[in-house]
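[1] Output the structure for:
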Amino acid sequence: MSNLQPWYHGNITRSTAEGLLSKAGKDGSFLLRDSESIQGAYALCVLYQNCVYTYRILPNEERKLSVQASEGVPIRFFSMLPELVEAYYKENMGLVTRLQYPVQKEEEPEEEPEPMTSLPPQLPPRNFGSSTSVNDTKEEPPKGSDLTRPSISETFLQRLQYVDMASIPEDHQKSILEYFRYNIAVDVEQVQNGNPTLPNLKKLTFHICKNLNSEISRTLPSLDALQRVIDPPMSPGAGRLRSQHSADPSQSVAFKLEQLTKLLYSIEDKTKNAVFDSVGYDGGHRNSLIPPAIFEVKSESIGLSTKMFLKVDVESGKLFLKKSKDGPEDKYFTHIKILQLVKSQKVHTKLVVVLETEKEKTLRKEFVFDDSKKREGFCQLLQQMKNKHSGKAEPDMITIFVGTWNMGNANPPHNITSWFQSKGQGRTRDDTANQIPHDIYVIGTQEDPLGEKEWMDIVKGALRDITNISFKQVATQTLWNIRIIVLAKPEHENRISHIFSDSVKTGIANALGNKGAVGVSFMFNGTSFGFVNSHLTSGSEKKLRRNQNYTNILRFLNLGDKKLNPFDITHRFTHLFWLGDLNYRIDLPSTEAEAIVAKIKQQQYQELLRSDQLTMERNEAKVFLHYEEEEITFAPTYRFERETREKYAYTKAKATGTKYNLPSWCDRVLRKSYPLVHVVCHSYGCTNDIMTSDHSPVFATFDVGVASQFISKNDPTKDTQGVIKFMNCVANLMTKSKTKFFIEFHSSCLEKFVKSPEGENQDYAEGSIKVRFGNQVELIPIIADPEYLLDQHILISIKSTDCDESYGEGCVALRAAESAYTEFHVTLTHHGERTGTLSGGIQVHTSEGKQTEKLYDFVKVERDDSGAPRGKGDYTRSMMSAADISNPSYMGVGYKSQVDKGWSYSKPEKKGSAYSHCSKDSSVGNVSPKKTPRKTLLRCATGSAITPSRNLGKACEPGKPEDDIPAEMFDNPLYGSMTSRGGKDADAPPPRKGDHLSPPEAIFTFPKPSEGWGDSSDRAPPTPSPRNRSYTYSDTKPQPSSVTSTASTTSAPSGGGLQPQSYTKKPVVPSRSEGGMGMAARPPLPMKGQAGAPQFKPRDYRDSSELPNKLRGPSRPSPPIPKEAHHELPPAQKMGRPMK
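    Numbers count the residues shown, from 1 in each chain. Have a look, this model is predicted:
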C-alpha cells in the first residue's frame, strides 16, 4: 500500500528527489523512493541544512524492513513502510534529523491529457464499434435495444448479403448458405458442450477444397521424391508426411497446406545451398559477387587535367587505369599494390591513390570524380576489395545498415529494396556500391500490422533479391506494433554471441505498449553492440513527455552485460544505435504550415531544423546527451498523404476540431560510441518510392571497427604483466547529498571490478561538491599485449558509501594513454542527465607486441589548403601548411563541426620545467617527423638528456645516468626499448637510389611542453593521438634546399650536442604501406620495404596526419643523446645557454 502514501515517489531518480527536497526547503522534509542499486529496497531521503541525506531501507529474508542509520542505534524491523515512517517521526532514531514534512509527489502536467490524445491514434476509438455496427444493423431496425443482440447465424447471413458471389460455383454457394443458416448453430452448441473442433466448418472447407485436396494428394509424392534426391540423409520428414497424409484422409486442408509449404521451402533452401556450394559461393563477406564498376575521372598531373577511366574489379582484386571506357585493360594494379586512399577534405570530389609500382617505387595518382558520391562509391569498392583479399581470419571492420519505418498500420508495397540500398533523398550510396552487402541489417518498425514471421520473410526476401545471400536471423523483439529485427551474414553466425532482447512500455501510465521501445544487444567477437527502436509519445505539444519516455527507456531497458549494473545502456556498449519514430516535431505555429511546405520544396532544411524539437532539446542537454546524428539533408519524413510523396497532409479532422501535424523529421537514427573507436556514417536519408504509410522509411549505414577475440602469441610465462594507473582524480558532482564517495572501475579487460579508496570531499558549493581521490589506483589487465589492451575501455562510476548508488558514469579509452601519461576530462552522466565531471591522469603499461594494420586505416582524409591541382614542385610547399591526413571518425576529425562527445584528453604541460628549454627547429624543409619510442629522450638547457616523467618540474642531477630516473612513460613495443641507445633514426644511412621520402606524417600526439609552442592561450584544444605515433627530437638544422639531408646526412652543430649513435636493434619489417626515406626532388611518398635495406624504422603512412600550424610540433626536434652522455639537470639557477 506504500504506493498510496504521499511521501512515496516510486522509481524517480536521485536527482529528481534532490530537486523536490530542495524546493521544499525545510529541515526534516523527506520522501521515499525505490533504490537504484538494489531491487526491492528503498531509499529514505531527508533534507537538513540544505543537504540531502540518503538512508537505505533493506528487506531481510522475512521481508521485514530496516533503515541503515547511524552506528550505535539499535536496528528496528517493520512489516510495512507506513509503520516505519511513523516510527522515524520520533527523535534519536539514528537519522540526521527526525522526519517532519513529507514531500508529496508532483503531478506531471503532461500526464493528464495523455489518455485523451494519445489513445485514439493507437487504439480503436470508442465510436468505432458503433460506426461499424450501423452498417451491420441497417437491415435490423426492429432490434433497437442495446441489450438485444442478433444471433451469430443472423449476423453472418446479413453480411453474406453484401458479398458478391457471382463467380462462386453453385454447389459452393449452397454449402456456405446452409452452414450459416443451420450448421453454425450446431457448432456453437458443440462448443458449449466442450467440443471446440467445429466439425461442420471442417465439412464445409473439405467440400470447398475437394479438388485442392486431391491435388495435394497427387503433388506430395512428387515433392517427396524431389526432396530425397536433393538431400537423402535429411528427408525422413517428407516420407512421414506422405504416410500421415495417406493414412489419415480426415486431416484438415489447412494442415496439409502448411506441410506442403514447409516442404517447398525446404526444397528451395537445400537446392540453393547445393548450387552455391558447387560454385564456391557461400553468400558471405569474402565471396559476394560484386560486378565490376567503371568511374570516369580526371587525372591531375603537373597542373594538367586528363580524362580517363578507372575500373574496379572486386572479385579479381584489380584496379584498371584506362584512357577510354572500352580501351585495353593492360595497365592495372592488384590490391596488394594499392597502398592508400587519401580524400581531399576541401574538394570533396578529389582523391589521391598511393600505388606501388613494379620497380618497388611509389606513385601518387590524383583523380577528380564527377561528384562526391562517386568518390565515396569508389573508396567503398576498393575497401571491399582489400578486405576480400586480405586473408585475415577475422574482420576488423564491418558495415551496418540501420533502418526505421512507421508503417502506418498498412501492409508494405511489393518492392521495398530501395530502402535497403539507401536510395532516395539525403546522403545516399552511389549506384556502384549498391551491390556491396552489409554485414548486419537492423530494421525497426512502428505501427507494424504484420506478424513477426511474415515481416521477417519479406525482409529476408528483399535482401536475397539484392545480395543473393540468405541472411541469418540474430534476434527479434516485438512490443505490440513496435518491432526490431537483426539479420547477419551467414559467415558471422559464430562471431555473434551474448544475445539479449527486451522491451519497455511508455504508453498511458507506462502500462500500455502502444508507445515504448524494443531493444537487442549482442557481442560481435570482442565488440559490444546495442540497438534500440522506440516509438515515443505523439503530438507537437508533448515534447516533455517524449523526454520522459527517453529517460524511462534508458533506465528500464535491460540489455547487455548484467555485471555492468551501475551503468545504463548508454555506457554498456561499444556502439549504441537508437532509431525509431521519436515523434519530435518542428516547433512552429500551425499558421506557418504553408510556409514550412514552401521551404521544404526549396530544400531549406537547415532553417527548419533550427526549430526541430529534438535538435533544440539536444542542444540544451535535456535528451540524447553525447549522441551523434549525421547531418540531415532530406525532407521531413512525416506527414505525407498516402500513395504520394508530393503532398504533406498536415491537417486532420478530429472530434475536438482540426488537429495540425506539421511536416517534421519524426524518424531518426542516432548513435553513441566509446571514445577513440572507429565509426563512419556513409549514408543517412529516406526513400522516395515507398508510399503506403504517412511516414517515409529512413536508412543509415555505418563502417564500424570491431575487435577480435584476442589470443596472445607471446609466451605466457615470459609475458610482462600490464598495469593501468589512475591518479590525481578529481570529481565535481552536481548534488546536495551529504555522503562520502568512491570510484568503481569496470572493464572486460579486468578480472573483476575494482573500488578506489574513499575520496576527500572539498569545496562544498550550492548544489555541487568537489571530491579528490588522492590515492593512485592500479588495475591489472588480464592480457597485457598492446594489440588487445589499447582497444579496451574503462567504465567509471562514482558511487556513494551510504546507499551504493551511482552519482555519475563515464568512460576512458586506454588508447589515449598509448604513448605516455595522459590527462583526461570526462563528463559524468546518470540516466541521461549530466551530473558532473571527472578529471585525472591515466598511464598504461603493456607488454612487448606489435599491433596489426586495420582495414579502416586504408582510407584517410587530407585537410589541404587548396583544392587546385598542383605540380610536383608544389607538393613540398603544400606540406608546409596545415595538412591533416587521418581517419576522420577515429580521431574526431570530420566534414562537419564536432558535437560535445563528453570527453577530452591531453598531455600535461608544466611551466618552469626543463621542457621549456628544448630546442625548436622551424626550418622549411623538414616536413616529415619520424617516430620515436615511447620513452622519448629530451634535451635540456645544459645539453644533457632527460626522460619525460610525471614529476616534470624536477631538476636533473649531474652525473646520474638516465636509466636511474624512474620514468613514468614506457617503451613502445613496436619500436623497441630506447633506454640504452640513441634514436632509432639517428644513424640511418644516406638514401639509396629508388628510396623515396614518405608522405607527411600527422603529428596527432598531444602537445608537450618540450615542443616550445609558446603560450597556451592561442593554441587549439589538444587532439587525442591515434595508434603508434611518436617522433624524434633533433637539434640539427637541415638545409632548406634538401629534404633528404634532414633525414640523416646533416651533422649536429659543433656546440650543440653529440653525434647520433648507431641503432642496432633490428626494426620491425615494414608492410607495403609503410614509408621509407626519399630523394630530395621527389614528393614524399610511401614505399615498400626491401630486404637488405638500411636499418632504419620506416613509418606507417596509414597512421599519418598533420595538425594545423597551432597544433603542429616542431619541424625537426633534437636527436636523442647516447646513454653515456645522459646527465640530469643541474639546479634551475645554473641553467646553461639555450640550444641552437
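[2] ok, the longest strand anywhere in the chain: who's next to it in the sheet?
    In the chain, taking DSSP state E as the definition, the longest strand is strand 833-845. With DSSP bridges as the test, strand 833-845 is paired with strand 723-733 (antiparallel), strand 822-830 (antiparallel).
[3] closest to His626 out of those?
    Nearest to His626, of all the strands paired with strand 833-845, is strand 822-830, at 7.1 Å by C-beta to C-beta. Where C-beta positions appear, they are placed from N, C-alpha and C, glycine not excepted.
[4] What residues sit buried inside that closest one?
    For strand 822-830, burial by neighbour count (16 or more other C-beta atoms under 10 Å) applies to 822-824, 826-830.
[5] count of residues packed around Thr644?
    Neighbours of Thr644 under the rule other C-beta atoms under 10 Å: 10.
[6] going forward can the numbers begin at 819, since that is how I track them
    Okay, residue one is now 819; in that scheme the one you just asked about reads as Thr1462.
[7] With adjacent residues omitted, what lies nearest to it?
    Spatially, and ignoring its direct neighbours in sequence, Thr1462 is nearest to Met1509 (6.1 Å; C-beta to C-beta, 6 or more residues apart in numbering).
[8] coming back round to it: can you list the strands paired with strand 1651-1663 in JSON lines and add distance to Arg1460 and mean pLDDT?
    Formatted as JSON lines, the strands paired with strand 1651-1663 follow (distance: least, C-beta to C-beta, whole Å; pLDDT from 0 to 100):
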{"stretch": "strand 1541-1551", "distance to Arg1460": "51", "mean pLDDT": "96"}
{"stretch": "strand 1640-1648", "distance to Arg1460": "40", "mean pLDDT": "96"}
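[9] out of those, nearest to Ser1142?
    Taking C-beta to C-beta, strand 1640-1648 is the member of these nearest to Ser1142, at 53.8 Å.
[10] Ile970: what's it in contact with?
    Listed by C-beta atoms under 8 Å, 6 or more residues apart in numbering, the contact partners of Ile970 are 1002-1003, 1006.
[11] Show me the shaky parts of the stretch 1069-1218 of the chain.
    Applying pLDDT under 70 to the stretch 1069-1218 of the chain flags residues 1069, 1083-1084, 1086-1106.
[12] just the helices in the stretch 1019-1168 of the chain please.
    With DSSP state H, counting those that start in this stretch as the criterion, the stretch 1019-1168 of the chain has helices at 1028-1048, 1054-1065, 1071-1096.
[13] Just the buried subset of the contacts of Ile970, please.
    Buried among the contacts of Ile970 by 16+ other C-beta under 10 Å: Ile1002.
[14] Can I get the contacts of Ile970 in a markdown table including pLDDT and distance to Leu1568?
    Formatted as a markdown table, those follow (pLDDT from 0 to 100; distance: C-beta to C-beta, whole Å):
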| residue | pLDDT | distance to Leu1568 |
| --- | --- | --- |
| Ile1002 | 87 | 68 |
| Ala1003 | 86 | 72 |
| Val1006 | 83 | 67 |
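[15] Put together JSON lines for the contacts of Ile970, with secondary structure and distance to Arg1373 on each row.
    Shown next, in JSON lines, are the contacts of Ile970 (DSSP: H, G, I helix; E, B strand; the rest coil; distance: C-beta to C-beta, whole Å):
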{"residue": "Ile1002", "secondary structure": "helix", "distance to Arg1373": "51"}
{"residue": "Ala1003", "secondary structure": "helix", "distance to Arg1373": "54"}
{"residue": "Val1006", "secondary structure": "helix", "distance to Arg1373": "49"}
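[16] on that earlier part again, what's the closest of the strands paired with strand 1651-1663 to Gly1221?
    Going by C-beta to C-beta, the one of these nearest Gly1221 is strand 1640-1648, 27.8 Å.
[17] Please work out which residues outside that closest one touch it.
    Residues from elsewhere that reach strand 1640-1648 (C-beta under 8 Å, 6+ apart): 831-833, 1386, 1388, 1443-1444, 1549, 1551, 1614, 1616, 1624-1630, 1634, 1652-1661, 1718, 1720-1726, 1824.
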